[in-house]
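*Asks:* Sequence plus the predicted model coming up.
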Amino acid sequence: MSSTSEPIRLEDRIRDIQDFPQKGVLFKDITPMLQDGPYFRAAIERLAAHYSGADIQAVVGVESRGFIFGAPLAYLLNCGFVPVRKFGKLPAETINIEYALEYGTNIVEVHKDAIKPGQRVLIVDDLLATGGTVEAAIELVEKLGGHIAGVAFLVELSFLKGREHLKDHDVFALIKY
Ligand SMILES: O=P(O)(O)OC[C@H]1O[C@H](OP(=O)(O)OP(=O)(O)O)[C@H](O)[C@@H]1O
Ligand SMILES: Nc1ncnc2[nH]cnc12
């Protein structure tokens with residue numbers, strides 16, 4: 001635990017792991033921040049402050065790190081949480097999409113009845129790298145008729161230019177590298 005009198009610089013609790021999960025990738029490990037109560041709380045509160053008054057009606061989080069930030073954010077914004085899950089985990093009727101991310105490919109899916117047409121949705125993930133993951137989540141939400149009111153991250157790796165794939169959307173990140 002850190003002293004609450006120190007100013008909280010979230011980047012002080014993110015560590016670099018070189019060559020994980022594969023050679024050439026500089027992995028930004030958020031687990032030190034999650035382990036430090038005041039830092040984790042500050043991250044969630046700063047995201048919530050940014051969207052207070054934005055009339056967010058649902059928060060969508062992408063499995064699995066998106067769940068860590070999405071669920072407490074939905075709680076603070078007083079709206080529901082919708083999980084976008086890796087393939088094969090959701091029990092009811094789903095739609096799915098395959099996508100590429102910085103280090104591989106994947107399939108994600110969402111329940112067909114999770115988003116109502118016109119609903120104002122905030123998509124949340126821990127990190128924006130190439131943008132493939134969040135683009136997939138946006139496509140799923142839009143297929144169900146949701147309106148993307150914002151896309152939020154703890155960390156943005158600006159040098160990977162993921163934001164360029166999200167030009168039509170309001171993108172916010174607490175930390176940029
Ligand atoms: O912008 P991109 O290049 O798409 O990369 C970002 C995504 O990669 C990580 O998820 P990962 O698929 O590793 O799964 P995890 O959350 O289960 O660790 C991260 O949590 C983002 O969802
Ligand atoms: N460089 C990276 N660090 C942490 N998570 C990631 N997800 C995709 N790229 C990543």
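*Replies:* Structure received. For clarity, every value in this text was computed on a predicted model and none was experimentally measured. Ligands and ions are numbered 1, 2, ... in the order given.
*Asks:* Quick check: buried residues in whichever helix in the chain runs longest?
*Replies:* Longest helix in the chain, counting residues (DSSP state H): helix 37-51. Neighbour-count burial for helix 37-51 flags 39, 40, 42, 43, 44, 47, 48, 51 (criterion: 16 or more other Cβ atoms under 10 Å). Yep, even glycine has a C-beta here, placed from its N, CA and C like the rest.
*Asks:* What are the contacting residues of that helix?
*Replies:* 1-2, 4, 8, 10, 12-13, 33-34, 69, 72-73, 76-77, 122, 124, 150, 152, 154, 172, 174 (Cβ atoms under 8 Å, 6 or more residues apart in numbering).
*Asks:* Let me know the closest of the buried residues of helix 37-51 to ligand 2.
*Replies:* residue 43 (15.2 Å; Cβ to the nearest ligand atom).
*Asks:* which residues does the residue nearest the centre of the chain form a beta bridge with?
*Replies:* Centroid-nearest residue in the chain: residue 125, 0.9 Å away (criterion: Cα atoms, centre = their mean). Beta-bridge partners recorded for residue 125 (DSSP bridges): residue 153.
*Asks:* Quick one: residues contacting it.
*Replies:* Here residue 125 is in contact with 61, 62, 65, 66, 69, 70, 133, 134, 137, 152, 153 (criterion: Cβ under 8 Å, 6+ apart).
*Asks:* again, only this time at 7 Å
*Replies:* Counting by Cβ atoms under 7 Å, 6 or more residues apart in numbering, residue 125 touches 62, 65, 66, 133, 134, 153.
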